[in-house]
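J.: Provided below for reference: sequence and predicted model.
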Amino acid sequence: MLGGLTSIHNTYGQQNYLEYHREVIKCEQLIVDRQYKEAIANFELLFERFDFVFLREIKVVAQLCAFEMELDSGMKYLRMGISNGWTLKSIKKEISTYQDAVGWKKLQSEYKTLHQTYLDGLNISLKEEVHEMYKKDQKKALGALFKIGQKAQDKYAEKKFAAHSEIQFEKLHTIFDEYGYPGEKIIGNNWWVSVILSHHNSISEEYNSKDTLYASIKPKLRRALENGEVSPYTLATIEDWRTAALSGHSKTTYGFLGEIANPTLLQTVNTNRTAMGIRSIELRNALLGIEKETEMDLFLLKDWKKGEIKVVNP
């Protein structure tokens, strides 16, 4: 588990994003309690407190406004979302209600300017560099798919992929030191670096049991979390890959990979999640129920776990 992530004091800046994510959880509890207007108001207060806002939360508020038919208010969040990377194509796909609103045509006319604001805030050269690293990682990882059997795949990973991954880590250390974690906030992509780190954390049980590179980068991941450069959900999935690799995919730290075998492990998983600013398993399942009831999309990372997360032996 990422050590030291429960610290409230942030020595790297005035805003500690652990507090941000904990406030998001409070808003999500209001959603579960069907207090949608109160949730909108609390999200708005949160957005005023923090310089950077994750796009996922903006999308949720836009969904809530649409559900409450507060479309004028919702347009404000669509504009905010576009300035944070939400594309018009995605808006149309993810929340169609606004296309019938009075201000939709005006929003369309403003789109290029708002989107340019987003692009101007990114480090494009760093984005291109990290994208190249990601593509190299994917190409190297692809080699394992052509190996038949777990032993052959592990051998390839240890002999071929590990050396490549170690070079990637050297580059990541340099990037982290100069720019911070290149994620949604800095390059507009929260996937590429997480894949590189997750690939490294899942090389093999033998390799990862002796690996020290991941431990060496943990303090920088902690700093990135507190600075709002990366979501705790991203860091949790990276950590869960390591837990899975070390346990033959039988254990989990945060509940994204592997199974929750019993109520005792559920309590441990929830404790780990709370320390990272991640909603509990029970809250996550309750939000899924709200989605089903209201047909809102609350963007709950369902690619990792579809449906409710259940305890195997309750």
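T.: Happy to help now that I have it. Numbers count the residues shown, from 1 in each chain.

J.: how many neighbours does the closest residue in space to Ile186 that isn't next to it in sequence have?
T.: Using Cβ to Cβ, 6 or more residues apart in numbering and skipping the chain neighbours, the partner closest in space to Ile186 is Asn123 (5.5 Å). In this view, the C-beta of every residue, glycine as well, is placed from N, C-alpha and C. Using other Cβ atoms under 10 Å, Asn123 has 16 other residues around it.

J.: ok, now Lys310?
T.: Neighbours of Lys310 (other Cβ under 10 Å): 12.

J.: just Lys92 next, same as before
T.: Neighbour count of Lys92, defined by other Cβ under 10 Å: 11.

J.: my guess is it contacts Asp100, does it?
T.: No - the criterion here is Cβ atoms under 8 Å, and Lys92 misses it with Asp100 at 11.8 Å.

J.: distance of the residue nearest to Ile186 from His200?
T.: 23 Å (Cβ to Cβ, to the nearest Å).

J.: what about Ile40, how many residues nearby?
T.: 24.

J.: who's in contact with it?
T.: When contacts are counted by Cβ atoms under 8 Å, 6 or more residues apart in numbering, Ile40 is found next to Val61, Leu64, Cys65, Glu68, Glu70, Ser73.

J.: out of those residues, which end up buried?
T.: Buried subset of the contacts of Ile40 (neighbour count, 16 or more other Cβ atoms under 10 Å): Val61, Leu64, Cys65, Glu70, Ser73.

J.: which one of these is nearest Ala157?
T.: Distance ranking of these against Ala157, using Cβ to Cβ, places Val61 first at 42.0 Å.

J.: by contact count, what packs against whatever helix or strand the closest one lives in?
T.: If you go by DSSP states H and E, Val61 is part of helix 55-67. Packing contacts for helix 55-67, counted by 3 or more Cβ pairs under 8 Å, 6 or more residues apart in numbering; DSSP states H and E, involve helix 17-32, helix 36-49, helix 71-82.

J.: Thr252 is nearest to which of those helices?
T.: Closest among the helices and strands packed on helix 55-67, using Cβ to Cβ: helix 17-32, at 19.7 Å.

J.: mind checking how far Glu178 is from Val230?
T.: When Glu178 is compared with Val230 (using Cβ to Cβ), they lie 16 Å apart.
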